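Novice: Here is the input, now give the coordinates:
(one chain, ligands or ions: 1)
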Amino acid sequence: MDLFDVYPLYDITPVKGEGNYVFEENGEKYLDLYGGHAVISIGHSHPEYVKALSEQVQKIGFYSNSVKNPLQVELAEKLEKISGVKDYNLFLCNSGAEANENALKVASFHTGKDRVIYFEKAFHGRTSGVVAVTDNPKIQSPFNSGHKATKLAFEDTESLENELKKGDVAAVIFEVIQGVGGLDEASTEFYQNITHLCEKYDALSIADEVQAGYGRTGEFFAFQKHNIRPDVISMAKGMGNGFPVGGILIDKKIEATIGMLGTTFGGNHLACAAGISVLEVIQDENLLKNASDLFEYVKEKADEIPQIKKVKGRGLMIGLEFDFEIAELRKNLLFEHHIFTGAAANKNLLRILPPLNIQKEHFDKLFEALKVALN
Ligand SMILES: Cc1ncc(COP(=O)(O)O)c(C=O)c1O
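Specialist: You can find the predicted model right below:
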């Protein structure tokens with residue numbers, strides 16, 4: 001049987017990961033400045049994480065959501081404590097798309113409405129509802145186009161209010177820093193307008209923190225910089241350090257009813273063990289501070305490279321914007337210098353999404369490689 005051929009693959013086969021590096025069978029070593037697409041938060045095969053998962057699987061790996069699972073409660077309590085986000089309830093699922101899909105569903109159940117507002121360059125996932133609020137027609141099938149979704153521009157408060165006034169909008173969904181779109185971030189005033197207007201017109205604000213959340217920006221959630229309180233917060237990627245874990249935080253004002261949401265695998269014992277371990281390591285190793293400190297370092301190093309026109313993002317969600325398309329440069333970094341980086345919809349932007357325990361020396365390797373590659 002062949003694999004359904006949907007991914008453009010590099011001819012590289014990592015078989016081992018350690019910290020900020022991955023290795024092929026023959027020992028070839030690669031610096032991972034992409035974190036497997038912002039997923040590796042505490043580093044590959046972190047010893048505490050390996051221990052937590054190994055011990056858990058020896059006890060019990062899975063049982064369904066029809067029985068009590070104290071690990072879910074422990075995860076929720078730790079998350080509240082470490083994120084500083086209070087008075088939300090946690091629903092656990094398995095991926096970013098599923099988190100957003102459930103967020104939209106909660107909004108629609110809660111408001112009784114069916115239209116969703118999203119923003120230009122947004123990426124919220126590939127399943128039916130969330131791909132309809134993703135700004136990329138190429139990944140939308142005719143089936144997905146049945147949803148009621150309206151696209152607006154960041155900073156266009158007037159259009160936002162005009163749409164909300166119509167009375168049929170269940171939710172406004174936004175990434176605080178757009179990942180796939182190219183690291184754009186709107187103003188604090190605009191994010192505050194979103195939450196205020198949602199409240200005024202009885203819609204829910206949904207902050208998609210799937211990529212920017214979990215410490216990546218130096219805040220636990222990227223929205224915290226803007227002093228807003230979204231009604232729903234979606235999470236995934238860094239939450240499990242590679243184990244598929246996603247979830248939504250739902251404001252306590254929104255009532256749950258039995259059967260409203262559900263999933264077979266979401267919140268299973270292994271997923272919770274992974275999630276708890278990630279939170280413990282984030283706290284023990286002070287990884288939020290590391291993320292903010294290193295951003296300053298990256299900005300200084302980027303100043304030494306004239307071809308870099310702008311450093312976008314925050315913390316360890318970084319975009320280096322060049323004055324040319326970076327596809328060839330990215331390949332050069334990978335094949336000549338063994339450094340994984342990412343791309344974005346903005347073709348001039350090199351995306352850097354490393355594990356949150358990365359150190360200055362790893363960035364030094366990147367900037368040395370850039371100097372050689374750009375000469
Ligand atoms: C902001 C954002 N939301 C949602 C998703 C979808 O997550 P998943 O691929 O886990 O379904 C992504 C994935 O890149 C993302 O960056």
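Novice: Just the strands from the stretch 251-375 of the chain, written as ranges.
Specialist: Applying DSSP state E, counting those that start in this stretch to the stretch 251-375 of the chain gives strands spanning 308-314, 317-322, 339-340, 349-352.
Novice: Turn those strands into TSV, including mean neighbour count and mean pLDDT.
Specialist: Any C-beta I mention is one placed from the backbone N, CA and C, and that applies to glycine too. Shown next, in TSV, are the strands of the stretch 251-375 of the chain (neighbours: other C-beta atoms under 10 Å; pLDDT from 0 to 100):
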stretch	mean neighbour count	mean pLDDT
strand 308-314	19	97
strand 317-322	24	98
strand 339-340	23	98
strand 349-352	24	97
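Novice: Can you convert these into a markdown table and add a column each for distance to the ligand?
Specialist: Below are these laid out as a markdown table (distance: least, C-beta to the nearest ligand atom, whole Å):
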| stretch | distance to the ligand |
| --- | --- |
| strand 308-314 | 13 |
| strand 317-322 | 10 |
| strand 339-340 | 16 |
| strand 349-352 | 11 |
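Novice: packing partners for the helix or strand of the chain at the bottom of the mean pLDDT ranking?
Specialist: Least confident element among the helices and strands of the chain, by mean pLDDT, DSSP states H and E: helix 35-38 (a mean of 95). Contact partners of helix 35-38 among helices and strands, from 3 or more C-beta pairs under 8 Å, 6 or more residues apart in numbering; DSSP states H and E: none.
Novice: Name the next helix or strand following that helix along the chain.
Specialist: Following helix 35-38 in sequence order, the next helix or strand is helix 47-59 (DSSP states H and E).
Novice: quick one: buried residues of that following helix?
Specialist: Neighbour-count burial for helix 47-59 flags 49, 52-53, 56 (criterion: 16 or more other C-beta atoms under 10 Å).
Novice: For it, list the C-alpha coordinates in CSV.
Specialist: What follows is helix 47-59, C-alpha atoms only, in CSV (Å, rounded to 0.1, in the frame of the first residue of the first chain):
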residue,chain,number,x,y,z
PRO,A,47,14.2,13.4,30.1
GLU,A,48,11.3,14.5,32.5
TYR,A,49,8.8,14.1,29.7
VAL,A,50,10.1,10.7,28.6
LYS,A,51,9.9,9.6,32.2
ALA,A,52,6.4,10.9,32.7
LEU,A,53,5.1,9.2,29.5
SER,A,54,6.9,6.0,30.2
GLU,A,55,5.6,5.7,33.7
GLN,A,56,2.1,6.6,32.6
VAL,A,57,1.9,4.0,29.9
GLN,A,58,3.1,1.3,32.3
LYS,A,59,0.1,2.2,34.5
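Novice: ok now the helix or strand that it is followed by, how far from the chain's centre?
Specialist: The helix or strand immediately downstream of helix 47-59 is helix 70-83, counting by DSSP H and E. Put simply, helix 70-83 sits 19 Å off its chain's centre (C-alpha atoms, centre = their mean, to the nearest Å).
Novice: Ok, stretch 352-360 next?
Specialist: Taking C-alpha atoms, centre = their mean, one finds stretch 352-360 lying 15 Å from the centre of the chain it belongs to.
Novice: Contacts for the least confident helix or strand of the chain, please.
Specialist: Helix 35-38 has contacts (C-beta atoms under 8 Å, 6 or more residues apart in numbering) with 41, 179, 211, 216, 237-238, 242, 317, 342, 353-355.
Novice: for the ligand, what are the nearby residues on the stretch 51-200 of the chain?
Specialist: Taking C-beta under 6 Å from any ligand atom as the criterion, the stretch 51-200 of the chain approaches the ligand at residues 95-97, 100, 123-125, 175, 179-180.
Novice: Contact partners for the closest residue in space to residue 323 that isn't next to it in sequence?
Specialist: Take residue 323 and drop its neighbours on the chain: the residue closest to it by C-beta to C-beta, 6 or more residues apart in numbering is residue 309, 5.3 Å away. With contact set as C-beta under 8 Å, 6+ apart, residue 309 has these partners: 321-323, 348.
Novice: Tell me the spacing between residue 309 and residue 346.
Specialist: Residue 309 is 12 Å from residue 346, where distance means C-beta to C-beta, to the nearest Å.
Novice: any common contacting residues for the two?
Specialist: Between them, residue 309 and residue 346 share the contacting residues residue 321, judged by C-beta under 8 Å, 6+ apart.
Novice: For residue 221, see how far away the spatially closest residue to residue 288 that is not a sequence neighbour is.
Specialist: If the residues on either side of it in the chain are set aside, residue 288 comes closest to residue 215, at 4.9 Å by C-beta to C-beta, 6+ apart. Relative to residue 221, residue 215 is positioned 9 Å away (C-beta to C-beta).
Novice: The two: who's more crowded?
Specialist: Counted by other C-beta atoms under 10 Å, residue 215 and residue 221 do not tie: residue 215 has more neighbours, with 28 against 23.
Novice: what kind of secondary structure is the more buried one in?
Specialist: Classification of residue 215 by DSSP: H, G, I helix; E, B strand; the rest coil places it in coil.
Novice: got the phi/psi numbers for it?
Specialist: Backbone torsions for residue 215, taken as degrees, to the nearest 10, come to phi 90, psi -10.
Novice: Tell me the spacing between it and residue 53.
Specialist: Distance, residue 215 to residue 53, using C-beta to C-beta: 20 Å.
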